[in-house]
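> Sequence first, then the predicted structure, then my questions.
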Amino acid sequence: MVAFDKPSGLLVAPDRWDKKRENLMGLIHTHPRYGHSVANVHRLDADTSGLLLCAKTKPALDFLSGQFQSKTVAKKYHAFVVILPAEQAMKVAAPIRDATGALPDAFTVDLALGEDERQPGRMRVFKGRGGKDCVTEFRTLERFRGPPGRPGYAFVECQPLTGRTHQLRIHLAAAGAPILNDPFYGDLAIELRLSDFKRRYKGRDEEKPLIARLALHASELTLKHPVTREPITLAAPLPHEFEVALKYLRKFASAGEARRS
């Protein structure tokens, strides 16, 4: 096996429309240390950063892929989400949000997903037939107050029990807490800026958002090693901009940590 910490914005595999666009597997296959014998076991969205697992041999690929197909791989992601007012949240969010509109310490989203026929490349919730079963467990790790009259934020741990396209992104949007900077299911007008929290902030004219990319990171995979058959956990550290955002939010906007288990 070999694992990579993929940066946000980099495709995993060649784009179906633009074959010349840079992608991780293309870089791996042309690298003298790896070559074409290395194959990716799973995928991540281009805008999602974090852990991507590859296999060096065909037997390893078969064994690892089998675990993903049988849903025995434990996956863990982390995300910054925007807590939308109840009137802006999707209607399916009602059973998830509490009376104050806050995310609970732990919650599960069980909503079938399928391709959105009206918007190619996107997914949507199916309440009847047509969608595929899709379940995600979430834990709200920390909550942060928003600027006056603006939405708040939360730092969330995500554990998908299935592996559908855009699963975490649309499940969080359905909970009324879309991922920060999600161009498909969120609100790009909402930016996380230090000046919104820190009094007498200087340099507003040249200020950049604390996080300017999709705020979703693949943090951990727990699975069985293809040779020893023993369980192992692989981890990718939080991106630097996530660490910086947490530092400033904890200092200037903390609303308390959720209960940890």
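Perfect, I can see it now. Residues are numbered from 1 along each chain as shown.

> could you pull out the strands for the stretch 1-150 of the chain?
2-6, 39-40, 49-55, 74-83, 106-110, 112-115, 123-126, 135-144 (DSSP state E, counting those that start in this stretch).

> I'd like to check the angle between the first one and strand 49-55, please.
Angular relation of strand 2-6 and strand 49-55 on a 0 to 180 degree scale: 160 degrees, by axes from the mean of the first three to the mean of the last three Cα atoms, to 10 degrees.

> same thing with the fifth one?
In this structure, strand 106-110 runs at an angle of 60 degrees to strand 49-55, with the same axes, to 10 degrees as the basis.

> so where's the stretch 101-250 of the chain shaky on pLDDT?
Along the stretch 101-250 of the chain, segments meeting pLDDT under 70 span 101.

> which residues touch the helix or strand where residue 219 lies?
Using DSSP states H and E, the secondary-structure element containing residue 219 is strand 216-224. Outside strand 216-224, the residues that touch it by Cβ atoms under 8 Å, 6 or more residues apart in numbering are 3, 6, 44-45, 47-53, 63-64, 67, 72-79, 168-169, 179, 182, 230-236, 238-239, 242. C-beta here means a position set from N, CA and C on the backbone, and glycine is covered the same way.

> Buried by neighbour count, from those residues: which ones?
Buried residues within the contacts of strand 216-224, counting neighbours by 16 or more other Cβ atoms under 10 Å: 6, 44-45, 47-53, 63-64, 67, 73, 75-79, 168-169, 179, 182, 236, 238-239, 242.

> looking at it, residue 175 is touching residue 107, isn't it?
Yes: in this structure, residue 175 is within contact of residue 107 by Cβ atoms under 8 Å, at 7.0 Å.

> ok, these two, which is more surrounded?
Counted by other Cβ atoms under 10 Å, residue 175 and residue 107 do not tie: residue 175 has more neighbours, with 27 against 18.

> The more buried one and residue 40: what is the separation?
Distance, residue 175 to residue 40, by Cβ to Cβ, to the nearest Å: 29 Å.
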